[in-house]
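J.: Could you work out the structure for the sequence below:
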Amino acid sequence: MTQKSQHRKAPKESHIWVRNQIIVGIILSIGMCLGAYHFLPIQISDIKSPADRLVLAVRCIFISTIPVFALFKSVADTRFFTRAIDPVKGGGEDMVDVPNRILRNTTEQFLLHAVGLLTLSTFLDEASLKILPILSCDFVIFRMLFWWGYLNAPLNRAVGMSGTASATICVYAYCMYCILKPVFISFIG
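T.: Numbering: from 1, shown residues only. This is a model prediction of the structure:
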């Protein structure tokens, strides 16, 4: 290994720290979703049509915009109240670099989350629709943890990142199963 590539490699302690945070984020996110689903008295009724399901999903997605909006405001405030007010002239871009990274990642995660919730709403029965507001709350909580962790120390963002990603991956896996199940049944049958 060359000397240059040795400097690029993260220390082993950093990998262990981040790996442990990823595990904690996954366990917390899935545990919170399952616990809320089974133990919170969430009642969703009178949702019969596909349009009603999509309306519920859109309303839940609106709640999920809270961290995106808060981060947008954070970047705007930083620009307005500091020398970063003029991005063309420069001189203050370092002040908004990390907030912009957090906002960009949260926006990317939000897009996947929103598509997942909309798709998921088309496959759930009425009794199972209560998972939609739970997933929205999970998104808000773990995006806020990502934000706090990133600002605290960049390696501390892994709990929030993995918590957000694990719920989204579960939603995508279930939706993919629902989409592909009829294909496999018709292929086998």
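
J.: how deep is residue 64 tucked in, by neighbour count?
T.: For residue 64, the count of nearby residues is 21 (other Cβ atoms under 10 Å). Every residue, glycine included, has its C-beta placed from N, CA and C.

J.: Report the contact partners of it.
T.: Residue 64 makes contact with 110, 113-114, 117, 136, 139-140 under the criterion Cβ atoms under 8 Å, 6 or more residues apart in numbering.

J.: export those to CSV and tack on secondary structure and pLDDT?
T.: As requested, these are exported to CSV (DSSP: H, G, I helix; E, B strand; the rest coil; pLDDT from 0 to 100):
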residue, secondary structure, pLDDT
110, helix, 98
113, helix, 98
114, helix, 98
117, helix, 98
136, helix, 98
139, helix, 98
140, helix, 98
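
J.: centre of the chain versus the longest helix seen in the chain, how much separation?
T.: Scanning the chain for the helix with the most residues, using DSSP state H, yields helix 158-188. Between the centre of helix 158-188 and the centre of its host chain there is 15 Å, according to Cα atoms, centre = their mean, to the nearest Å.

J.: Please apply the same query to stretch 68-78.
T.: Using Cα atoms, centre = their mean, the distance from the centre of stretch 68-78 to the centre of the chain it belongs to is 17 Å.

J.: quick check: mean pLDDT across it?
T.: Per-residue pLDDT values over stretch 68-78 give a mean of 96.

J.: Please apply the same query to stretch 181-189.
T.: pLDDT averaged over stretch 181-189 gives 83.

J.: Apart from its neighbours in sequence, what residue is nearest the spatially most central residue of the chain?
T.: Nearest residue to the geometric centre of the chain (Cα atoms, centre = their mean): residue 164, 3.5 Å. Among residues not flanking residue 164 along the chain, residue 142 sits closest, at 4.4 Å (Cβ to Cβ, 6 or more residues apart in numbering).

J.: wait, the one you found sits on residue 168?
T.: No - the pair formed by residue 142 and residue 168 falls short of the contact definition of Cβ atoms under 8 Å, at 9.9 Å.

J.: which helices and strands does the host helix or strand of the residue nearest to residue 164 pack with?
T.: Following DSSP states H and E, one finds residue 142 within helix 131-152. On a contact count with 3 or more Cβ pairs under 8 Å, 6 or more residues apart in numbering; DSSP states H and E, helix 131-152 meets helix 12-39, helix 50-64, helix 66-81, helix 93-121, helix 158-188.

J.: Low-confidence stretches in this protein?
T.: Along the chain, the parts satisfying pLDDT under 70 run over 1-7, 189.

J.: The same query, at a cut-off of 50, please.
T.: Applying pLDDT under 50 to the chain flags the ranges 1.
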